[in-house]
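*Asks:* no sequence on this one, just coordinates:
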């Protein structure tokens, strides 16, 4: 990467995962990012936290900056020695005015590079099931803009086998009229799609003569791409994206931000539009004295029980701050749940016991063959959690030290208005339920479907007079996803910790 260079990077058609590896690498080194309204938040997050992010338009009838102003901003930043990324929807050189921008950079003597992006017709083709070329249908593709109808020679265009029209939604009636007038069959299969490749993709298909009315009836708005040609007839059997099980559904995730990634990625692969809306954050313990004293006496414990990934991570952080390390743990280790077990095993520690079901009652059954009388047990966990484990261990004669290693708090951002009404809200602990209701009010949950990670969380949901539409089994993130796909509720008492 060279300071004082401008990189025109194609952001692709909408799905952030369609960004090229080169585009990702360049964004990671940017000092300044000038982006259009089609650039997603996920792509902007790839730039360094300290990088400037400047919205420069462009949107029909709403330009934050003129084209000349954008070129000037690029030149000024490059001359200041910055690495500048001009992030453009689709591909910079296909109806993206990238040619104009690099002409201005070349005239000013500014070094530049152009990184291609997946252009919207290719995104439409892949995500709508409409191959732009096909040996039995077409070997010619013509691309044009539709916002200035009088500048197109429709007599030449009308007979082209596959037409892809950018920026033609507002003039579609006139476009169709001229195509038919110049010999295009009114029955030609046609398609218009908004937000192609995104979870909110909206597709309208109709014979050419009926397309304007279909667009009006569907209330389709720009930006959209139009495809006209026999290949559109293949959509019925080649579409895969809109057949994904959660396509068209918006799912809100209330987990802590650092824990939401796996669930978000899984839901997106299933077609969902995901809103990450953390109602809890992992905060420091109110008093680290008890855990620090326990760490100094690690060689005196017979068992350590971890009930969450957060408990493992936060305990290890305190261990790192002490004069001890993992060599000081002679105790046997018990974990509840597969994610917690993986977190311990990642430390190259052996796990001696994991209950067959990830429940507090099952944990006690797993210890049925163990003598607990006089044993010392360490339970590092959140500040607020169920008392079943310490109560039962004490009843069986063990001395158990319950030490706080973290606490869950509500982020300030949880109180801001939701950006959209979700179809589903997922809760992974009672804390996420309580905090959502405190931040947004219980009424925000009256007209949505609620998915819970297990009955303890479900009981909390129902305590607010709400209905649980889906409940996980097993009591894991994967189980929660399965519950969304096959909603059901199941009885039982489960151990849950966030």
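*Replies:* Yes, it's here. As the structure is a computational prediction, the values presented were derived from the model and not from experiment.

*Asks:* okay, now residue 454: neighbour count?
*Replies:* 27 (other CB atoms under 10 Å). Yep, even glycine has a C-beta here, placed from its N, CA and C like the rest.

*Asks:* ok, it touching residue 475?
*Replies:* Yes. Contact criterion CB atoms under 8 Å: residue 454 and residue 475 qualify, at 4.3 Å.

*Asks:* For stretch 429-442, which residues meet the burial criterion?
*Replies:* Under the neighbour-count criterion of 16 or more other CB atoms under 10 Å, stretch 429-442 has 429-437, 439-440 buried.

*Asks:* Out of these, list just those in helices.
*Replies:* If you go by DSSP state H, the buried residues of stretch 429-442 have 430-437, 439-440 in helices.

*Asks:* of all the residues you listed, which comes closest to residue 255?
*Replies:* Nearest to residue 255 out of these is residue 432 (CB to CB; 6.8 Å).

*Asks:* For that closest one, list the residues it contacts.
*Replies:* 254-255, 279-280, 457, 498 (CB atoms under 8 Å, 6 or more residues apart in numbering).

*Asks:* And it, how far from residue 425?
*Replies:* 9 Å (CB to CB, to the nearest Å).

*Asks:* Now for these two: what residues contact both?
*Replies:* With CB under 8 Å, 6+ apart as the test, residue 432 and residue 425 both reach residue 254.

*Asks:* Helices of the stretch 201-350 of the chain, start to end?
*Replies:* 211-217, 235-238, 261-269, 289-296, 309-321, 338-345 (DSSP state H, counting those that start in this stretch).

*Asks:* And for the stretch 1-150 of the chain?
*Replies:* Using DSSP H, counting those that start in this stretch, helices in the stretch 1-150 of the chain cover 21-27, 41-44, 67-79, 98-107, 120-128.

*Asks:* Between those helices, which one is closest to residue 311.
*Replies:* For the helices of the stretch 1-150 of the chain, proximity to residue 311 was assessed by CB to CB; helix 41-44 is nearest, at 29.7 Å.

*Asks:* and that closest one, which residues are buried?
*Replies:* 43-44.

*Asks:* Point out the other helices and strands that it packs with.
*Replies:* strand 32-35 (3 or more CB pairs under 8 Å, 6 or more residues apart in numbering; DSSP states H and E).

*Asks:* The strand it packs on pairs with which strands?
*Replies:* Sheet pairing of strand 32-35 (DSSP bridges) gives strand 52-55 (parallel), strand 84-88 (parallel).

*Asks:* and the helices of the stretch 1-150 of the chain as TSV, adding distance to residue 468 and mean pLDDT?
*Replies:* Shown next, in TSV, are these (distance: least, CB to CB, whole Å; pLDDT from 0 to 100):
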stretch	distance to residue 468	mean pLDDT
helix 21-27	39	97
helix 41-44	30	93
helix 67-79	50	95
helix 98-107	50	95
helix 120-128	33	95
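
*Asks:* Let's have these in a markdown table, adding distance to residue 366.
*Replies:* Formatted as a markdown table, the helices of the stretch 1-150 of the chain follow (distance: least, CB to CB, whole Å):
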| stretch | distance to residue 366 |
| --- | --- |
| helix 21-27 | 45 |
| helix 41-44 | 41 |
| helix 67-79 | 61 |
| helix 98-107 | 62 |
| helix 120-128 | 47 |
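
*Asks:* closest one to residue 369 among these?
*Replies:* For the helices of the stretch 1-150 of the chain, proximity to residue 369 was assessed by CB to CB; helix 41-44 is nearest, at 49.2 Å.

*Asks:* residues making contact with that closest one?
*Replies:* Here helix 41-44 makes contact (CB under 8 Å, 6+ apart) with 11, 16, 19, 27, 33, 35, 53, 87.

*Asks:* In contact with the nearest residue to the last one once chain neighbours are set aside, which residues are there?
*Replies:* With CB to CB, 6 or more residues apart in numbering as the criterion, residue 87 has its nearest non-adjacent residue at 4.1 Å, and that residue is residue 35. Under the criterion of CB under 8 Å, 6+ apart, the neighbours of residue 35 are 11, 43-44, 53-56, 86-88.

*Asks:* Relative to residue 195, which of those residues is nearest.
*Replies:* residue 11 (13.6 Å).

*Asks:* got a list of what the closest one touches?
*Replies:* Residue 11 makes contact with 19, 23, 35-36, 38-40, 43, 87-90, 117 under the criterion CB under 8 Å, 6+ apart.

*Asks:* Any idea which residue is closest to the centre of this protein?
*Replies:* Against the mean C-alpha coordinate of the chain, by CA atoms, centre = their mean, the closest residue is residue 264 at 4.8 Å.

*Asks:* if I look at that one, how far off is residue 45?
*Replies:* Remark: distance between residue 264 and residue 45 (CB to CB) = 13 Å.

*Asks:* next one: residue 393
*Replies:* In terms of CB to CB, residue 393 sits 44 Å off from residue 45.

*Asks:* Give me the more crowded residue out of those two.
*Replies:* residue 393 (22 against 11).

*Asks:* Turn the contacts of residue 35 into a markdown table, columns for distance to residue 301.
*Replies:* Below are the contacts of residue 35 laid out as a markdown table (distance: CB to CB, whole Å):
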| residue | distance to residue 301 |
| --- | --- |
| 11 | 53 |
| 43 | 48 |
| 44 | 47 |
| 53 | 49 |
| 54 | 55 |
| 55 | 55 |
| 56 | 59 |
| 86 | 58 |
| 87 | 53 |
| 88 | 58 |
